[in-house]
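Peer 1: I'll drop the sequence and a predicted model, then ask my questions.
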Amino acid sequence: MAREHIYSEEEFPSPFKQLWYTFRNTPVAMIGFSCYLFLVFMAVFGSFLTPHDVLENNLDQLLVPPAWNDEGNISYLLGTDDLGRDMLSRLIHGTSLTFGLSFVVVIFAMTIGVVIGSISAITRGVKSSFLTHFLDVILSTPSLLLAIIIVAILGQGLENVLWAIALVSIPQFIHVTRNAIKEEQKKGYVLTPILDGATETRVLITSIYPNIIDKIIIQATLAQSAAILDIAALGFLGLGAPVPMPEWGSMLKNSLDLFYIAPWTSYLPGLAILFTVIVTNLVGEGLRHSLKIQKDN
(Lines give C-alpha, C1' and ligand atoms only; values in the text may rest on other atoms or scores of the structure.)
Protein backbone atom coordinates (compact mmCIF):
# COMPACT_ATOMS: atom_id res chain seq x y z
CA MET A 1 0.00 0.00 0.00
CA ALA A 2 1.39 3.38 -0.99
CA ARG A 3 2.35 5.59 1.85
CA GLU A 4 0.75 9.00 1.89
CA HIS A 5 2.99 12.01 2.33
CA ILE A 6 1.28 14.94 3.96
CA TYR A 7 3.15 18.20 4.05
CA SER A 8 2.07 20.90 6.48
CA GLU A 9 1.62 24.23 4.80
CA GLU A 10 3.20 27.16 6.57
CA GLU A 11 0.58 29.78 7.34
CA PHE A 12 1.36 33.47 7.30
CA PRO A 13 -1.25 35.41 9.30
CA SER A 14 -2.60 38.63 7.89
CA PRO A 15 -1.35 41.96 9.31
CA PHE A 16 -4.62 42.31 11.21
CA LYS A 17 -4.20 38.88 12.85
CA GLN A 18 -0.60 39.67 13.69
CA LEU A 19 -1.77 42.90 15.31
CA TRP A 20 -4.33 40.99 17.37
CA TYR A 21 -1.78 38.39 18.50
CA THR A 22 0.51 41.15 19.72
CA PHE A 23 -2.33 43.15 21.27
CA ARG A 24 -3.69 40.29 23.37
CA ASN A 25 -0.25 39.76 24.93
CA THR A 26 -0.42 43.28 26.44
CA PRO A 27 -2.25 43.00 29.82
CA VAL A 28 -3.12 46.70 30.19
CA ALA A 29 -4.51 46.84 26.66
CA MET A 30 -6.62 43.71 27.27
CA ILE A 31 -8.04 45.23 30.47
CA GLY A 32 -9.00 48.31 28.47
CA PHE A 33 -10.46 46.13 25.73
CA SER A 34 -12.56 44.18 28.26
CA CYS A 35 -13.92 47.44 29.67
CA TYR A 36 -14.55 48.64 26.12
CA LEU A 37 -16.64 45.54 25.39
CA PHE A 38 -18.55 46.22 28.62
CA LEU A 39 -19.34 49.74 27.43
CA VAL A 40 -20.49 48.37 24.07
CA PHE A 41 -22.79 45.93 25.88
CA MET A 42 -24.23 48.69 28.05
CA ALA A 43 -24.73 50.95 25.04
CA VAL A 44 -26.69 48.24 23.22
CA PHE A 45 -28.64 46.63 26.06
CA GLY A 46 -28.45 49.29 28.78
CA SER A 47 -31.98 50.60 28.18
CA PHE A 48 -33.33 47.12 29.08
CA LEU A 49 -31.27 46.92 32.29
CA THR A 50 -32.19 50.22 33.96
CA PRO A 51 -33.95 49.62 37.30
CA HIS A 52 -36.04 52.81 37.00
CA ASP A 53 -37.47 55.03 34.30
CA VAL A 54 -34.79 57.57 33.36
CA LEU A 55 -37.34 60.38 32.88
CA GLU A 56 -39.67 59.60 35.79
CA ASN A 57 -39.74 62.25 38.52
CA ASN A 58 -40.15 61.04 42.10
CA LEU A 59 -40.76 64.04 44.33
CA ASP A 60 -40.64 61.84 47.45
CA GLN A 61 -37.02 60.87 46.75
CA LEU A 62 -35.29 64.15 45.98
CA LEU A 63 -31.47 64.22 46.26
CA VAL A 64 -31.19 60.83 47.92
CA PRO A 65 -27.46 60.08 48.46
CA PRO A 66 -25.86 56.84 47.20
CA ALA A 67 -26.66 53.60 49.01
CA TRP A 68 -23.35 53.49 50.94
CA ASN A 69 -24.29 56.75 52.68
CA ASP A 70 -26.13 56.53 56.01
CA GLU A 71 -29.07 58.39 54.49
CA GLY A 72 -29.02 56.38 51.26
CA ASN A 73 -31.60 53.97 49.92
CA ILE A 74 -30.70 50.58 48.44
CA SER A 75 -33.46 51.07 45.85
CA TYR A 76 -31.40 53.95 44.44
CA LEU A 77 -27.88 52.53 44.42
CA LEU A 78 -26.18 55.73 43.15
CA GLY A 79 -28.74 58.16 44.59
CA THR A 80 -31.15 60.52 42.86
CA ASP A 81 -30.99 64.01 41.37
CA ASP A 82 -32.98 67.14 42.20
CA LEU A 83 -36.08 65.72 40.48
CA GLY A 84 -35.91 62.31 42.13
CA ARG A 85 -34.62 60.52 39.02
CA ASP A 86 -32.42 57.48 39.59
CA MET A 87 -28.77 58.31 38.83
CA LEU A 88 -27.80 54.72 38.05
CA SER A 89 -30.55 54.37 35.45
CA ARG A 90 -29.63 57.68 33.85
CA LEU A 91 -25.92 56.80 33.71
CA ILE A 92 -26.65 53.41 32.17
CA HIS A 93 -28.99 54.91 29.57
CA GLY A 94 -26.51 57.72 28.94
CA THR A 95 -23.95 55.16 27.75
CA SER A 96 -25.90 54.78 24.52
CA LEU A 97 -26.03 58.56 24.05
CA THR A 98 -22.44 59.55 24.82
CA PHE A 99 -20.50 56.38 24.03
CA GLY A 100 -22.86 54.61 21.62
CA LEU A 101 -23.49 57.62 19.40
CA SER A 102 -19.75 58.35 19.27
CA PHE A 103 -19.31 54.84 17.84
CA VAL A 104 -21.92 55.53 15.15
CA VAL A 105 -20.33 58.89 14.32
CA VAL A 106 -16.88 57.32 13.93
CA ILE A 107 -18.19 54.51 11.70
CA PHE A 108 -19.85 57.09 9.42
CA ALA A 109 -16.78 59.36 9.36
CA MET A 110 -14.47 56.40 8.76
CA THR A 111 -16.52 55.16 5.79
CA ILE A 112 -16.60 58.55 4.10
CA GLY A 113 -13.00 59.36 4.99
CA VAL A 114 -11.59 56.08 3.68
CA VAL A 115 -13.43 56.46 0.37
CA ILE A 116 -12.28 60.06 -0.17
CA GLY A 117 -8.76 59.26 1.04
CA SER A 118 -8.53 56.35 -1.38
CA ILE A 119 -9.66 58.52 -4.29
CA SER A 120 -7.13 61.17 -3.29
CA ALA A 121 -4.33 58.58 -3.12
CA ILE A 122 -4.90 57.20 -6.62
CA THR A 123 -5.39 60.59 -8.27
CA ARG A 124 -2.61 62.85 -9.46
CA GLY A 125 -2.08 66.51 -10.17
CA VAL A 126 -4.02 69.56 -8.99
CA LYS A 127 -6.91 67.67 -7.37
CA SER A 128 -4.64 65.67 -5.08
CA SER A 129 -2.51 68.71 -4.23
CA PHE A 130 -5.54 70.88 -3.44
CA LEU A 131 -7.06 68.22 -1.18
CA THR A 132 -3.76 67.77 0.66
CA HIS A 133 -3.38 71.48 1.46
CA PHE A 134 -7.07 71.81 2.32
CA LEU A 135 -6.77 68.92 4.80
CA ASP A 136 -3.70 70.53 6.40
CA VAL A 137 -5.74 73.68 7.07
CA ILE A 138 -8.69 71.72 8.52
CA LEU A 139 -6.50 69.51 10.72
CA SER A 140 -4.69 72.53 12.14
CA THR A 141 -7.96 73.79 13.65
CA PRO A 142 -9.20 72.24 16.95
CA SER A 143 -12.03 69.78 16.31
CA LEU A 144 -14.21 71.13 19.12
CA LEU A 145 -13.99 74.67 17.72
CA LEU A 146 -15.02 73.44 14.27
CA ALA A 147 -17.88 71.46 15.81
CA ILE A 148 -19.13 74.54 17.68
CA ILE A 149 -19.04 76.58 14.46
CA ILE A 150 -20.99 73.91 12.55
CA VAL A 151 -23.56 73.59 15.35
CA ALA A 152 -23.94 77.38 15.35
CA ILE A 153 -24.77 77.17 11.64
CA LEU A 154 -27.04 74.09 11.81
CA GLY A 155 -28.68 74.92 15.13
CA GLN A 156 -28.75 73.28 18.55
CA GLY A 157 -29.79 69.68 19.11
CA LEU A 158 -28.21 66.25 19.48
CA GLU A 159 -28.71 65.36 15.81
CA ASN A 160 -26.89 68.48 14.62
CA VAL A 161 -24.11 67.81 17.13
CA LEU A 162 -23.60 64.33 15.67
CA TRP A 163 -23.47 65.73 12.12
CA ALA A 164 -20.96 68.36 13.22
CA ILE A 165 -18.66 65.85 14.94
CA ALA A 166 -18.90 63.48 11.97
CA LEU A 167 -17.92 66.25 9.53
CA VAL A 168 -15.03 67.27 11.77
CA SER A 169 -13.78 63.66 12.03
CA ILE A 170 -13.80 62.90 8.29
CA PRO A 171 -10.57 64.83 7.43
CA GLN A 172 -8.61 62.74 9.96
CA PHE A 173 -9.53 59.52 8.17
CA ILE A 174 -8.85 61.05 4.77
CA HIS A 175 -5.36 62.07 5.91
CA VAL A 176 -4.52 58.69 7.49
CA THR A 177 -5.91 56.67 4.57
CA ARG A 178 -4.18 58.74 1.91
CA ASN A 179 -0.78 58.57 3.62
CA ALA A 180 -1.11 54.85 4.31
CA ILE A 181 -2.01 54.06 0.68
CA LYS A 182 0.80 56.28 -0.64
CA GLU A 183 3.25 54.41 1.57
CA GLU A 184 2.00 50.99 0.42
CA GLN A 185 2.08 51.98 -3.25
CA LYS A 186 5.87 52.20 -3.08
CA LYS A 187 6.24 48.54 -2.07
CA GLY A 188 6.96 45.72 -4.47
CA TYR A 189 3.90 43.61 -3.78
CA VAL A 190 1.75 46.46 -5.14
CA LEU A 191 3.81 46.97 -8.30
CA THR A 192 3.66 43.29 -9.30
CA PRO A 193 -0.12 43.04 -9.96
CA ILE A 194 -0.08 46.46 -11.68
CA LEU A 195 2.57 45.17 -14.10
CA ASP A 196 0.37 42.12 -14.70
CA GLY A 197 -2.44 44.42 -15.87
CA ALA A 198 -4.57 44.79 -12.73
CA THR A 199 -6.38 48.09 -12.30
CA GLU A 200 -5.54 50.43 -9.43
CA THR A 201 -8.99 49.88 -7.91
CA ARG A 202 -8.53 46.11 -7.86
CA VAL A 203 -5.06 46.42 -6.34
CA LEU A 204 -6.44 48.84 -3.77
CA ILE A 205 -9.18 46.42 -2.66
CA THR A 206 -7.31 43.12 -2.84
CA SER A 207 -3.79 44.13 -1.84
CA ILE A 208 -3.58 47.50 -0.09
CA TYR A 209 -6.68 47.56 2.13
CA PRO A 210 -5.80 44.33 4.01
CA ASN A 211 -2.43 45.86 4.91
CA ILE A 212 -3.69 49.25 6.12
CA ILE A 213 -6.83 48.18 7.98
CA ASP A 214 -4.90 48.12 11.26
CA LYS A 215 -3.92 51.79 10.87
CA ILE A 216 -7.52 52.74 10.09
CA ILE A 217 -8.78 50.91 13.19
CA ILE A 218 -6.21 52.66 15.38
CA GLN A 219 -7.32 56.02 13.99
CA ALA A 220 -10.95 55.03 14.66
CA THR A 221 -10.27 54.46 18.37
CA LEU A 222 -8.49 57.80 18.68
CA ALA A 223 -11.30 59.54 16.78
CA GLN A 224 -13.89 57.94 19.05
CA SER A 225 -12.12 59.24 22.14
CA ALA A 226 -12.26 62.76 20.67
CA ALA A 227 -15.91 62.25 19.66
CA ILE A 228 -16.87 61.25 23.21
CA LEU A 229 -15.28 64.41 24.59
CA ASP A 230 -16.89 66.57 21.89
CA ILE A 231 -20.39 65.14 22.49
CA ALA A 232 -20.01 65.67 26.25
CA ALA A 233 -18.49 69.14 25.82
CA LEU A 234 -21.24 70.34 23.49
CA GLY A 235 -23.84 68.88 25.86
CA PHE A 236 -22.16 70.71 28.74
CA LEU A 237 -22.32 73.97 26.75
CA GLY A 238 -26.05 73.44 26.21
CA LEU A 239 -25.71 72.86 22.46
CA GLY A 240 -26.34 69.11 22.45
CA ALA A 241 -28.95 66.84 24.01
CA PRO A 242 -32.01 68.58 25.50
CA VAL A 243 -32.44 68.71 29.26
CA PRO A 244 -34.55 65.56 29.90
CA MET A 245 -32.16 63.26 28.02
CA PRO A 246 -29.51 61.61 30.25
CA GLU A 247 -26.48 62.53 28.15
CA TRP A 248 -23.46 62.69 30.46
CA GLY A 249 -22.29 66.17 29.44
CA SER A 250 -25.79 67.58 29.80
CA MET A 251 -26.18 65.84 33.19
CA LEU A 252 -22.92 67.40 34.36
CA LYS A 253 -24.04 70.88 33.31
CA ASN A 254 -27.44 70.60 35.01
CA SER A 255 -25.89 69.43 38.30
CA LEU A 256 -23.29 72.18 38.78
CA ASP A 257 -25.61 74.20 41.01
CA LEU A 258 -26.04 71.13 43.25
CA PHE A 259 -22.37 70.34 43.67
CA TYR A 260 -22.11 71.46 47.32
CA ILE A 261 -25.53 70.03 48.23
CA ALA A 262 -25.47 66.75 46.29
CA PRO A 263 -21.97 66.22 44.86
CA TRP A 264 -22.79 62.76 43.50
CA THR A 265 -24.98 64.34 40.84
CA SER A 266 -21.86 66.00 39.41
CA TYR A 267 -18.98 63.59 39.95
CA LEU A 268 -20.85 60.47 38.75
CA PRO A 269 -21.39 61.67 35.15
CA GLY A 270 -17.91 63.22 35.23
CA LEU A 271 -16.38 59.89 36.27
CA ALA A 272 -18.39 58.13 33.56
CA ILE A 273 -16.91 60.44 30.91
CA LEU A 274 -13.41 60.02 32.35
CA PHE A 275 -13.70 56.23 32.51
CA THR A 276 -14.97 55.97 28.93
CA VAL A 277 -12.23 58.21 27.52
CA ILE A 278 -9.49 56.34 29.43
CA VAL A 279 -10.78 52.96 28.27
CA THR A 280 -10.99 54.08 24.64
CA ASN A 281 -7.49 55.58 24.83
CA LEU A 282 -6.12 52.38 26.37
CA VAL A 283 -7.45 50.39 23.43
CA GLY A 284 -6.04 52.92 20.95
CA GLU A 285 -2.64 53.08 22.63
CA GLY A 286 -2.54 49.29 22.90
CA LEU A 287 -3.18 48.97 19.18
CA ARG A 288 -0.56 51.61 18.39
CA HIS A 289 2.01 49.87 20.63
CA SER A 290 1.23 46.52 19.02
CA LEU A 291 1.62 48.00 15.55
CA LYS A 292 5.01 49.46 16.52
CA ILE A 293 6.20 46.07 17.81
CA GLN A 294 4.91 44.42 14.65
CA LYS A 295 6.89 46.83 12.48
CA ASP A 296 10.05 46.38 14.54
CA ASN A 297 9.83 42.63 14.09
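Peer 2: Everything's here; your move. Only a predicted model underlies this, so the values are computations on that prediction, with no experimental measurement involved.
Peer 1: distance of Ile273 relative to Ser75?
Peer 2: 26 Å (C-beta to C-beta, to the nearest Å). The C-beta positions use only the backbone N, C-alpha and C, and glycine is treated the same way.
Peer 1: which of these two has more neighbours?
Peer 2: Set Ile273 next to Ser75 and count neighbours by other C-beta atoms under 10 Å: Ile273 wins out with 23 against 12.
Peer 1: against Val64, how distant is that one?
Peer 2: Ile273 is 23 Å from Val64, by C-beta to C-beta.
Peer 1: quick one: average pLDDT of the host helix or strand of Ser290?
Peer 2: Per DSSP states H and E: Ser290 is located in helix 264-296. Across helix 264-296, the average pLDDT comes to 89.
Peer 1: helices or strands up against it?
Peer 2: On a contact count with 3 or more C-beta pairs under 8 Å, 6 or more residues apart in numbering; DSSP states H and E, helix 264-296 meets helix 15-23, helix 27-49, helix 87-95, helix 209-236, helix 248-254.
Peer 1: identify the residue spatially nearest to the residue nearest in space to the middle of the chain, adjacent ones excluded.
Peer 2: Residue closest to the average C-alpha location in the chain (C-alpha atoms, centre = their mean): Gln224, at 2.1 Å. Of all residues not flanking Gln224 in the chain, Val106 sits nearest, at 4.6 Å (C-beta to C-beta, 6 or more residues apart in numbering).
Peer 1: count of residues packed around that neighbour?
Peer 2: Neighbours around Val106, by other C-beta under 10 Å: 26.
Peer 1: same deal with Val28?
Peer 2: Residues near Val28, counting by other C-beta under 10 Å: 11.
Peer 1: in this structure Ser290 contacts Val28, no?
Peer 2: No: counting by C-beta atoms under 8 Å, Ser290 does not reach Val28; the two are 11.6 Å apart.
Peer 1: picking that back up, could I get the helices and strands packed on helix 264-296 as CSV with mean pLDDT and distance to Gln172?
Peer 2: Putting the helices and strands packed on helix 264-296 into CSV (pLDDT from 0 to 100; distance: least, C-beta to C-beta, whole Å) gives the following:
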stretch, mean pLDDT, distance to Gln172
helix 15-23, 78, 20
helix 27-49, 92, 20
helix 87-95, 94, 24
helix 209-236, 90, 6
helix 248-254, 92, 21
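Peer 1: looking at those helices, which is nearest to Leu144?
Peer 2: With respect to Leu144, and counting by C-beta to C-beta, the nearest of the helices and strands packed on helix 264-296 is helix 209-236 at 5.5 Å.
Peer 1: quick one: list the elements packing against that closest one.
Peer 2: Looks like helix 209-236 contacts helix 15-23, helix 101-122, helix 143-154, helix 158-185, helix 248-254, helix 264-296 (3+ C-beta pairs under 8 Å, 6+ apart).
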